[in-house]
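Participant: what follows is a predicted structure for the sequence shown.
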Amino acid sequence: MKALSILPFLPAVWAIPALEVQTVLNELGDLNSLTTGSVFSGITKGIGHAAKILHGGQQKAQKWIQDGTEFVKQNGLVYELVTHPQFSSYQLRVTDPELCDPAVKQHSGYLDISDGKHLFFWFFESRTNPESAPLTLWLNGGPGCSSITGLLFELGPCSIDNEGRNVTHNKHGWNTHSNMIFLDQPINVGYSYSDDGSTVNTSPVAAEDVYAFLELFLSRYPQYSKSPFHIAAESYGGTYAPNIASVIYKKNKELSFAPIPDVKPIHLTSVILANGLTDPYVQYGSIPDYACNGPYAVLDPDSPQCESLRSKVGTCQRLIQSCYNFNSRWTCVPAGAYCNSQLMGPLVQTGKNPYDVRKDCDRQKDGNLCYRQMSWIETWMNDNNNKKQLGVPSDRTFESCNMEVNQAFFGQGDGMHNSALLLTDLINDGVKLLVYAGNADMMCNYIGNEAWVEKLEHKFHEEFVKTKPVPWVTLDSGKVAGETRSAGGNGFTSGNVTFVNVFEAGHMVPYDQPEAALDLFTRWILDVPLSLNDVN
């Protein structure tokens, strides 16, 4: 089984020897040394590389125009070709599959970039009033992991089943009330690929390609261009999404001052972060609190292990603060190396599933990353009939995560930046923020997520700090599914800044609590309060 698409850092990243700070600095010349020599080295070797880079063998494209629409035939597959006069370095190749949820309209294919990069996407129309429904972009994390895993394992219209032989209808799919785009980014993730093996290694650079994709998609499908647009991202998506949202926000501002023909503003309405890694300083500092005193503590709070964890927080946070201050790989990589090895490493070795500590992880039975369904997804996605419908060349291989991309991002210290700061201007200008976290997740625990949301400065900050958690009760079942805090909206909306602690859920909330997750998402995008207490 290959790597899981939900990790903020893959096990290979934790396979860092117990290095002191100076040792980490000395090792920067050879980043490969950061991923060998520990209990995880065997896992690293077994993961392999995703989205294998294939050189040559590409058929020459044949283009033609029929009834005013341009088409292209490439590698035996026919696509509609979408170009944009203001984005000359990009084009879309689109096909219309009937997989997963044949009852709704679908589009899939590739964003082609002139430098040889190709991003795969899969779109599903809303099951309810698609012409007026919001549009949501879903991203998984990694870095280097496919968002198709989120589609087939968590919140898509269908769920993987029967060891990957088929899929089943998911009545809790998030396209119930939203048009949904699942995008494999950055390059070389899932079915995305590059012609020459080049890659992207920072979230700001990756965000520019996502913006171009959205502009081309909305120019081809203008019926969605006036809809509220939401970015929803899980795990390392807590770093991706603020960067993407920031690019969209800045481009919208530029268009308001200097309009460009045929380029429309994207109606960015909210950012949704699911068990994300966003403010590492705060979140890594919360690890001992969660592991030793949380609702599913994995260590005795009075044990030497807890004392050791607490003793490492100061050094970890000093290193992260240096990353924040100097914004350099020479400060950010040591922070990632030390914090992951000294704080996360010991917890992963407890034998618990780090994404759901209520469960043990039997890697012989469940796979290296504790969820056997991940290999089922690869089986289904690599079926040649499914590839053909999706517009994927038969020689492309789908794997959940690409370790080369993961290493490239880690080698830049990308995940140690404070992405939360990118959200302040957006919130102040009306873009809403929802952060939710399952309380059984040890990877990006809810304590740290709530803490960084409370710390973040914006015009609703003082109001949020004063809020107290109130019960969140699902509308269908009447179940108390968690607790919520919200600022803005005077209790008559879902709020401008909202945090939700989801009970009895791990890292992948829609997998563990599908009905509750759909309730949360639907009420958020329809701007309905998450708790009746909010109105009081």
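Facilitator: Here it is on my side, so go on. None of these values were measured; they are calculated from a predicted model.
Participant: give me phi/psi at residue 166?
Facilitator: Residue 166 adopts backbone torsions of phi -160, psi 180, taken as degrees, to the nearest 10.
Participant: I'd like to know which helix or strand in the protein has the lowest mean pLDDT.
Facilitator: In the chain, the helix or strand scored least confidently by mean pLDDT, DSSP states H and E is helix 41-47, which has a mean of 27.
Participant: where exactly do the helices run in the stretch 1-150 of the chain?
Facilitator: Taking DSSP state H, counting those that start in this stretch as the test, the helices found in the stretch 1-150 of the chain are 11-14, 21-27, 41-47, 148-150.
Participant: what's the helix or strand following the last one packed up against?
Facilitator: Read that as helix 148-150. Downstream of helix 148-150, the first helix or strand assigned by DSSP states H and E is strand 158-161. Packing partners of strand 158-161 (3 or more Cβ pairs under 8 Å, 6 or more residues apart in numbering; DSSP states H and E): strand 166-169, helix 373-381. The C-beta positions use only the backbone N, C-alpha and C, and glycine is treated the same way.
Participant: where along the stretch 201-350 of the chain do the strands fall?
Facilitator: In the stretch 201-350 of the chain, the segments counted as strands under DSSP state E, counting those that start in this stretch are 229-234, 268-274.
Participant: got these as a markdown table, with mean neighbour count and distance to residue 186 columns?
Facilitator: Formatted as a markdown table, the strands of the stretch 201-350 of the chain follow (neighbours: other Cβ atoms under 10 Å; distance: least, Cβ to Cβ, whole Å):
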| stretch | mean neighbour count | distance to residue 186 |
| --- | --- | --- |
| strand 229-234 | 26 | 13 |
| strand 268-274 | 27 | 18 |
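Participant: let's have the ones you listed in JSON lines, adding mean pLDDT.
Facilitator: Formatted as JSON lines, those follow (pLDDT from 0 to 100):
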{"stretch": "strand 229-234", "mean pLDDT": "98"}
{"stretch": "strand 268-274", "mean pLDDT": "98"}
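Participant: where are the low-confidence patches of the protein?
Facilitator: Residue ranges of the chain with pLDDT under 70: 1-59, 533-536.
Participant: farthest from the middle of it: give me that residue.
Facilitator: Within the chain, the residue lying farthest from the chain centre (Cα atoms, centre = their mean) is residue 67, at 38.7 Å.
Participant: for that residue, phi and psi?
Facilitator: Dihedral angles (degrees, to the nearest 10) for residue 67: phi 50, psi 40.
Participant: so what's the residue count around the residue lying closest to residue 263 once chain neighbours are set aside?
Facilitator: Leaving aside its sequence neighbours, residue 263 sits nearest to residue 86 (Cβ to Cβ, 6 or more residues apart in numbering; 5.1 Å). Neighbour count for residue 86, taken as other Cβ atoms under 10 Å: 13.
Participant: now do the contacts for residue 86.
Facilitator: Shown in contact with residue 86 (Cβ atoms under 8 Å, 6 or more residues apart in numbering): 215, 260-263.
Participant: quick one, helices of the stretch 351-500 of the chain?
Facilitator: Using DSSP H, counting those that start in this stretch, helices in the stretch 351-500 of the chain cover 363-366, 373-381, 384-390, 403-411, 424-428, 446-455, 461-466.
Participant: distance to residue 269 and mean neighbour count added to those, as TSV?
Facilitator: Formatted as TSV, the helices of the stretch 351-500 of the chain follow (distance: least, Cβ to Cβ, whole Å; neighbours: other Cβ atoms under 10 Å):
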stretch	distance to residue 269	mean neighbour count
helix 363-366	38	12
helix 373-381	30	22
helix 384-390	28	16
helix 403-411	28	23
helix 424-428	10	17
helix 446-455	18	22
helix 461-466	19	14
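Participant: so which of those is nearest residue 517?
Facilitator: Closest to residue 517 of the helices of the stretch 351-500 of the chain is helix 446-455 (Cβ to Cβ; 14.5 Å).
Participant: now do that closest one: which elements does it pack against?
Facilitator: Using 3+ Cβ pairs under 8 Å, 6+ apart: helix 446-455 touches helix 280-285, helix 287-293, strand 432-438, helix 461-466, strand 497-502.
Participant: adjacent strands (with direction) for the third one?
Facilitator: Strand 432-438 sits in its sheet next to strand 268-274 (parallel), strand 497-502 (parallel), going by DSSP bridges.
Participant: among those, which comes closest to residue 302?
Facilitator: strand 497-502 (25.4 Å).
Participant: and the next helix or strand past that closest one?
Facilitator: Once the chain leaves strand 497-502, the next helix or strand it forms, by DSSP H and E, is helix 509-512.
Participant: same for that next one, what does it pack against?
Facilitator: For helix 509-512, the elements it packs on are strand 432-438, helix 514-525, judged by 3+ Cβ pairs under 8 Å, 6+ apart.
Participant: name the residues that touch it?
Facilitator: 150, 153-155, 172, 174, 274-275, 356, 436-438, 440, 502, 504-506, 516-518, 520.
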